[in-house]
Every structure is written in C-alpha cells, then in structure tokens.
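In: Provide a 3D model corresponding to the input given below.
(one chain, ligands or ions: 2)
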Amino acid sequence: MGSSPDVLIIGSGIGGGTLAYRLVQHGLTVTILERGGFLPQEPENWDVNAVFFHQKYVPQETWLDKDGTPFRPGTYYYVGGSSKLYGGAMLRLRERDFEDLEHAAGLSPAWPISYRQLAPYYDLAERLYLVHGEAGVDPTEPPDVPQYPYPALEHEPVIERVASALKDQGIKPFSLPLAVQRHEGGACIRCKTCDGFPCKVHAKTDAEVAAVRPALATGRLTLKTNSKATRLVLTSDGRRVNAVEYESNGCIERITAPVIVLSASAVNSAALLLRSACDKAPRGVANSSGIVGRNYMAHNNTALMSIGWKINGTNFQKTICINDFYFGDDGFKYPMGNIQGLGKLQAGMLTAKHQYLPNFVGRLMAERSVDWWIMSEDLPDPKNRVLLQGDKIRLHYTANNMAGHKRLTEKTVSLMRKIGFKLNIAKHMGGLSVSHQCGTVSFGGDPSKSALNQFCRSFDHNNLFVVDASFFPSSAAVNPALTIAAQAVRVADHMAKVDFGVTGTT
Ligand SMILES: Cc1cc2nc3c(=O)[nH]c(=O)nc-3n(C[C@H](O)[C@H](O)[C@H](O)COP(=O)(O)OP(=O)(O)OC[C@H]3O[C@@H](n4cnc5c(N)ncnc54)[C@H](O)[C@@H]3O)c2cc1C
Ligand code: SF4
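Out: Ligands and ions are numbered 1, 2, ... in the order given. Okay, the predicted model is just below:
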C-alpha cells in the first residue's frame, strides 16, 4: 500500500486536473495516478508532419470498432489529457441544453441540474482557464454571463472580411471564447498550429498548465506519472471502493484513500469500471443500473473547407463562431448545432488523410480555404457503448440524429457560396472521431437509469466519483471542456464540504 491522501484521482485531464486544483485550494491532499508522462516541449509540437502524418502524440494502443476492426483512437495520454492538443474553444452549454429538448430523431434528455446551478462554476472555470471572449454577442448565450476574464481575440483580416460578409447575409457571427493566453504578458504568438497540436510555449491553458502545475506548486498534490490504474477494489461489503491497483514500471501497486475519483476519459473510465467487476459487483463497479459503458456520444462532426480564389494568410483561424442555427431555422424546427472556425488547415494535414492527393494540390487548396468545424448533437443510445473484448476496448457506435447535422452543413456551404467561396469540401468525421467522447457513466436522479448522482457520486459506492466527460447525459452541441471543468469545481466544493467538512478555500 502507498501513502494515503485525502483524495485519489485517476487521470489528470480537464476533469481530474481541475478537481485536483480545487481540492488543494480547499486544503486537502490529493494524489493523481496518470498513465502518461508530461508531454515534452519540443520542435515537433508544431510540426504538421510529426503531429498529423506520423501521429506522434497518439497512443500506440488500438481499440476495436463495432465490426471488430482495430483503430488508433485520437485520445491523449499525458498530464493534462486530451486538452494538451485541444483547440481551447470554451463555450457554455445553452440554458435549454439542460432541459428535455426534442430533436429530429428523438429526445435529448434533461440533466439533473439546471444551467442556473452550474452558472457560478462556469464563472470560476472561465477564470481558471483564462478564457478570452466577449459576453453578450452570442445569440444563444445563456442569461447573465459575466464579462470574460480577457477580451476576445481579434479576427485576422480574412476572417474579419468573412464575418462582415456573413453579417450582410443576416448572420450574427461572434468571437469564439478561447483558452489561449493572448493577453498583455501572455506567451501566445498566435501560431498556425494550435487546434490539434500541443502548445510548445505553454500558452494554451490546458489542464496541465491551468490546473495540475498550479496544484503541484501548493505541495498538496502528488502526481504519479506513468501509473496506469488497472482495477478498482471494493470493500468486503461492496459499498465502498477500498483501493486502486495500478501498473507502474512493470509492477502492480495498490493505493488507497478515503475518496476515490475516476477521471480517465469517457471511454477509459467506463472500461475500467467494467474491468473491475467482482462478486460484489458482477456487472462492473458502479454498474447496478447496467448503464456503464452505454449511451456513448461524441457529436456529429464535419470539417468543411470553403475554397475561394484569394490566398487566406490567416495564422489563427479559430476566432469565429456561429450559433444562429443552434436550435433550428425557419424550415427546420429542431436543433442543428454550432459552427466554428477550425484551426487553419495546411497541406500536410490534407495529404495525411488523403494520401492519393498530390501535395501541391493540397497546398493550393489549403492556401485558399477558410475552414470550419460543424458540430451537432448526437443522442444517447444504449446500443452505442463501450465493451471489453479480452484486454481490448471495443467501441460500438452508429451515428444518429444526422438530419439536423446535414442541414447545418448544407446551410454553411450555401452561405459560403453566397459570399464567394464556390468550392466547398465537407468531410464527415465519422463515428471513430473520439475527441468529444462523453456519456458512458451518466449522472441523473434515478439510480436505476444512471450511475451517478448530481454531484457525480456513484449511487452504488459512496466514496467513488466520476468527473470526466462520462457524466454527460446528453452531448449538446458545443465543445465539452468548459462544462467538464465547471462540474469538476462544483464536485470539489461538494466533496470538500460533505466528505471532509471543509467550506473555505485557502
Ligand atoms: C484534437 C482535439 C481538439 C479538441 N478541441 C476542443 C476544444 O476546442 N474545446 C473543447 O471544449 N474540447 C475540445 N476537445 C475535447 C476536450 O479536449 C475533451 O473533452 C477533454 O479534454 C476531456 O477531458 P476529460 O477529463 O474527460 O478526459 P481526458 O482529457 O481524456 O483525461 C483523461 C486522463 O486520464 C488518463 N488515463 C486514462 N486511463 C487511465 C488509467 N487507466 N490510469 C491512469 N490514468 C488514465 C489519460 O492519460 C488522461 O490524462 C478536443 C479534443 C481533441 C482530441
Ligand atoms: S496559438 Fe498560441 S496558444 Fe495556440 S499553440 Fe500557438 S502559441 Fe500556443
């Protein structure tokens, strides 16, 4: 047995890292088990070939898809988790996303908490992640959003012209809230390699930079890197988690703590719970409802290249966002989703995915394109699930609710044509794009239908919490990181008070 902290967290991503940060602010001692190490700051961080073609930072492991075909998942095992390569888009869910919402293909279920309950924690999360944005300009913004910690990044000239042309079409584009340190004294140089790349100068406020490193500086956080949790061990009555087994340097070790938190990402957390099945929990830990692993979601995502005649010399393109059609349009009364700038596509990125495309054609297209990420809600379906097959993870996913997504993509293409971008190439990212994975250990009010209560505490085991994106009962249609962070802060405050009797922060 290792030493016993107040709280043991598995995983140091947005969920685990943010929770650790807030718990040490409450004066508690925390240990994180993280399967990866620190992502090195090195020239390859910003190298298209290394990151896209050679997939330098993608784990070597393979998962199986629904047909049993192996694939390498685009998820990241480092201190900071997937946020090391994220685009830093930090949007709140809309107020109606927390309620039952009728979609073309069925119901997006309500969350067990309202937007109002999460709002103060969104405020704290925006401050922690140094979000740059402008309140009051997003047409579907929730009510009473305070001003952001830092002003929004300005559009570069081509994007400013696109925004202005879209406004002439009656659209209300606005500045995407971003977790990059582009303020007085911040280190961001506004480079071309942000969305999908690690930041070589640590100017992107990912979970390592914003949460884990500051928590380590307090002396109350112990971080065990290259330590992969392999099993949760229950007490003899099965009502609590007694210890966690983990693999480090080829050895299996055990560690315990009064409170155990799982935050290994939606797919890995579900897999670990299922893998920890024992006689006290034959369907898996925290799984008396049978829900663990089910309702996997990851958004319907399309990357769109809108190609014009003129060169697009933009470096940092991810400043623009459109929510005009989030809840539908005049001809479609169901939600459609969000449109936002994609990190500037470069030739290597295209040829990495389409190796038949000659490099010079890719370059000509990428030099002239304005690129978009179109994102719509996929609905929870129990058949879309994480399963174990031997020692492998099997991800059974079939896309659903595509009507709104197709319409949003067509709408975007039609708008871009109208403003002069005649050639549009849309690529649906498909079911194996796991970057927005969520939903596999959902929270809710009914223990027979969900695994966690509204504070992400397991209904089955009183000292177990799950705080990564697993807890989402619906995926909404904005990027997930800010919501994961806000709920992690909320859970930390609850845990400090209820489990340790602590209310103030240091
Ligand atoms: C390329 C890319 C771009 C993105 N852009 C955006 C964006 O702009 N905005 C946004 O909101 N979201 C974005 N996302 C999504 C966002 O990064 C994730 O939603 C978020 O980081 C998930 O946080 P998490 O805590 O749930 O999981 P993760 O970040 O995946 O953290 C899980 C951690 O647990 C560790 N771990 C896993 N298994 C174990 C184990 N068995 N033992 C110990 N440790 C373990 C992992 O190494 C990892 O550090 C993007 C994602 C990607 C991949
Ligand atoms: S744009 Fe700024 S935050 Fe993003 S990778 Fe470049 S320097 Fe880092």
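
In: can you pull out the helices in the stretch 401-506 of the chain?
Out: 402-418, 481-500 (DSSP state H, counting those that start in this stretch).

In: mind giving me the packing neighbours of the last one?
Out: Okay, so that is helix 481-500. helix 14-25, helix 115-128 (3 or more C-beta pairs under 8 Å, 6 or more residues apart in numbering; DSSP states H and E). Every residue, glycine included, has its C-beta placed from N, CA and C.

In: after the shortest one, which helix or strand is next?
Out: Just to be clear, that refers to helix 14-25. The helix or strand immediately downstream of helix 14-25 is strand 30-33, counting by DSSP states H and E.

In: tell me what that following strand is packed against?
Out: Counting contacts by 3+ C-beta pairs under 8 Å, 6+ apart, strand 30-33 packs against strand 7-10, helix 14-25, strand 221-224, strand 227-234.

In: buried sites along it?
Out: Neighbour-count burial for strand 30-33, counted by 16 or more other C-beta atoms under 10 Å, picks out Val30, Thr31, Ile32, Leu33.

In: tell me which of the helices of the stretch 401-506 of the chain is the most buried.
Out: For the helices of the stretch 401-506 of the chain, the largest average neighbour count (mean count of other C-beta atoms under 10 Å) is found in helix 481-500, namely a mean of 24.

In: for the stretch 351-500 of the chain, give me the ranges with low pLDDT.
Out: 351-355 (pLDDT under 70).

In: can we see that at 90?
Out: The stretch 351-500 of the chain contains residues with pLDDT under 90 at 351-366, 430-432.

In: what's the burial count for Gly170?
Out: For Gly170, the count of nearby residues is 8 (other C-beta atoms under 10 Å).

In: so the nearest residue to Leu33 once chain neighbours are set aside bridges to which residues?
Out: Nearest residue to Leu33 in three dimensions, chain neighbours excluded: Ser227, at 4.5 Å (C-beta to C-beta, 6 or more residues apart in numbering). Beta-bridge pairing for Ser227 (DSSP bridges): Ser248.

In: who's in contact with Val261?
Out: Val7, Leu8, Ile9, Ile10, Gly16, Leu19, Leu464, Phe465, Val466, Val467 (C-beta atoms under 8 Å, 6 or more residues apart in numbering).

In: with respect to ligand 1, which of the residues you listed is nearest?
Out: Ile10 (4.8 Å; C-beta to the nearest ligand atom).

In: so the closest one makes contact with Val259?
Out: No: contact criterion C-beta atoms under 8 Å: Ile10 and Val259 do not qualify, at 12.0 Å.

In: which one's more surrounded, those two?
Out: Ile10 (27 against 22).

In: how much space between that one and Leu91?
Out: 27 Å (C-beta to C-beta, to the nearest Å).

In: next one: Pro198
Out: 22 Å.

In: for ligand 1, what are the nearby residues on the stretch 301-450 of the chain?
Out: Taking C-beta under 6 Å from any ligand atom as the criterion, the neighbours of ligand 1 within the stretch 301-450 of the chain are Ser435, His436.

In: ok, and the closest non-adjacent residue to the residue of the stretch 301-450 of the chain found nearest ligand 1?
Out: Closest approach between the stretch 301-450 of the chain and ligand 1, counting by C-beta to the nearest ligand atom: Ser435, at 3.5 Å. Once flanking residues are discounted, Ser435 sits nearest to Gly74: 5.7 Å by C-beta to C-beta, 6+ apart.

In: same deal with Gln147?
Out: Nearest to Gln147 is Ala135, by C-beta to C-beta, 6+ apart, at 5.1 Å.

In: look at that neighbour and tell me its secondary structure.
Out: At Ala135 the chain is in coil, as set by DSSP: H, G, I helix; E, B strand; the rest coil.

In: in contact with it, which residues are there?
Out: Applying C-beta under 8 Å, 6+ apart, the residues contacting Ala135 are Glu141, Val145, Pro146, Gln147, Tyr148.

In: rerun that using 10 Å as the cut-off
Out: Glu126, Glu141, Asp144, Val145, Pro146, Gln147, Tyr148, Ala152, Pro177 (C-beta atoms under 10 Å, 6 or more residues apart in numbering).

In: equivalent analysis for Ala243, please.
Out: Contacts of Ala243 (C-beta under 10 Å, 6+ apart): 1-2, 4, 8, 231-235, 253-257, 260.

In: what of Pro157?
Out: Asn312, Gly313, Thr314.

In: mind putting these in TSV, neighbour count, pLDDT and distance to Cys456 included?
Out: As requested, the contacts of Pro157 are exported to TSV (neighbours: other C-beta atoms under 10 Å; pLDDT from 0 to 100; distance: C-beta to C-beta, whole Å):
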residue	neighbour count	pLDDT	distance to Cys456
Asn312	23	92	42
Gly313	10	92	45
Thr314	22	94	39
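
In: in strands only, show me those residues.
Out: Of the contacts of Pro157, none are assigned to strands by DSSP state E.

In: neighbours of the residue nearest to Gly290 when sequence neighbours are not counted, how many?
Out: The spatial neighbour of Gly290 that comes closest, neighbours along the chain excluded (C-beta to C-beta, 6+ apart), is Arg283 at 5.9 Å. Neighbour count for Arg283, taken as other C-beta under 10 Å: 15.

In: what separates the closest residue to Arg127 other than its chain neighbours from Val489, distance-wise?
Out: Leaving aside its sequence neighbours, Arg127 sits nearest to Pro149 (C-beta to C-beta, 6+ apart; 5.3 Å). Pro149 sits 15 Å away from Val489, going by C-beta to C-beta.
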